[in-house]
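> Return atomic coordinates for the entry below.
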Amino acid sequence: MTASARTGGYVHLLRAVVYRDLVVWARYPVNAVLGLITAVFFFGLMFYGGTLVAPQAIDDTVEGLVVGYFLWTLSVGAYSGVVSDVRSEASWGTLERHYMTPFGFGPVVLAKSVAIVVRTFLTSAVILAAMLSMTGTRLDLGLLTIVPVAGLAIVSALGIGLAMGGLGVLYKRIGNVVNLLQFAFVGLISAPAFDLPWTRALPLVQGSAMLQRAMTDGVRLWEFEPVALVVLVGTAATYLALGYSAFALATRRARRLGVLGDY
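Okay, the predicted model is just below:
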């Protein structure tokens with residue numbers, strides 16, 4: 001009998017990890033609610049402040065602003081979520097236990113990454129509803145298009161988060177670099193506006209361009225050019241693989257140095 005069969009299988013693992021992540025998030029309601037309020041508050045500052053300074057410019061770009069901010073909350077949530085989770089487990093001394101599970105270290109980490117993406121989608125959906133209410137904007141919310149496009153877009157951010165989480169385990173204090181990259185996401189999400197083809201190979205860029213078309217113009221997933229879909233899937237897979245490889249190398253070195261559970 002295989003290890004996965006004895007423990008209920010990988011589906012059981014994924015379900016348990018997702019459930020645990022949502023329970024831990026809900027167990028601290030003040031922190032959860034304040035996170036949502038803060039995200040909506042900053043959008044309100046941009047929207048109402050821009051309306052006072054340049055009302056016509058805001059009216060012309062409000063749809064793009066809403067979509068861009070929605071993708072930013074998704075990407076930052078996935079990125080910072082995985083970094084915070086890895087660093088927390090390292091400080092609690094529970095990260096080493098993943099190596100001793102019957103599933104192995106890799107599946108557990110990937111399951112935790114999926115759980116973070118699920119939670120991020122739920123919180124960002126609430127923020128999106130608040131933004132639409134504030135601006136009076138109507139967007140195309142076809143889930144069959146938005147979920148795959150946005151999901152693949154933030155997979156690249158998740159890969160960066162895994163890499164930074166590994167560096168956090170190895171070098172401990174890298175908070176300034178972690179926070180700096182969150183602002184870099186703004187430039188990546190805005191990159192399609194500059195119409196530079198080479199930027200599509202960067203994380204979030206292709207997903208941002210496709211999400212804008214899907215939510216503002218109503219383009220369906222099957223209506224996108226095959227090349228656009230290939231680039232989206234390719235960048236997601238590439239950055240996730242690179243991020244996971246960097247995470248594995250960093251944690252392996254931390255184990256050799258004996259600092260995996262130090263903080």
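> for whichever helix or strand residue 229 is part of, packing partners?
Per DSSP states H and E, residue 229 falls inside helix 226-257. Here helix 226-257 touches helix 105-135, helix 143-171, helix 205-216, going by 3 or more Cβ pairs under 8 Å, 6 or more residues apart in numbering; DSSP states H and E. Any C-beta I mention is one placed from the backbone N, CA and C, and that applies to glycine too.
> again, 10 Å this time
Contact analysis of helix 226-257 by 3 or more Cβ pairs under 10 Å, 6 or more residues apart in numbering; DSSP states H and E lists helix 55-92, helix 105-135, helix 143-171, helix 205-216 as its packing neighbours.
> what about the ones you listed, which gets the closest to residue 46?
Evaluated over those, closeness to residue 46 peaks at helix 55-92, with 7.1 Å, by Cβ to Cβ.
> Any buried residues in the closest one, and which?
By neighbour count on 16 or more other Cβ atoms under 10 Å, the buried set for helix 55-92 is 58, 62-83, 85-87, 89-90.
> try stretch 189-208
Buried residues in stretch 189-208 (16+ other Cβ under 10 Å): 189, 191, 192, 199, 200, 202, 203, 204, 205, 206, 207, 208.
> residue ranges with poor pLDDT in the stretch 1-150 of the chain?
Applying pLDDT under 70 to the stretch 1-150 of the chain flags residues 1-8, 57-58, 90-91, 93-96, 98-99.
> Please repeat the previous calculation with a cut-off of 50.
Low-confidence segments of the stretch 1-150 of the chain (pLDDT under 50): 1-5.
> how far away is residue 204 from residue 55?
The gap separating residue 204 from residue 55 is 29 Å, by Cβ to Cβ, to the nearest Å.
> residues of the helix holding residue 229 that come out buried?
Under 16+ other Cβ under 10 Å, the buried positions of helix 226-257 are 228-229, 231-232, 235-236, 239-240, 242-244, 246-247, 250-251, 254-255.
> now it against helix 205-216, angle please.
Taking axes from the mean of the first three to the mean of the last three Cα atoms, to 10 degrees, one finds helix 226-257 and helix 205-216 inclined to each other by 130 degrees.
> hang on, the earlier thing: what would the helices and strands packed on helix 226-257 look like in a markdown table with distance to residue 35?
As requested, the helices and strands packed on helix 226-257 are exported to a markdown table (distance: least, Cβ to Cβ, whole Å):
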| stretch | distance to residue 35 |
| --- | --- |
| helix 55-92 | 9 |
| helix 105-135 | 7 |
| helix 143-171 | 17 |
| helix 205-216 | 22 |
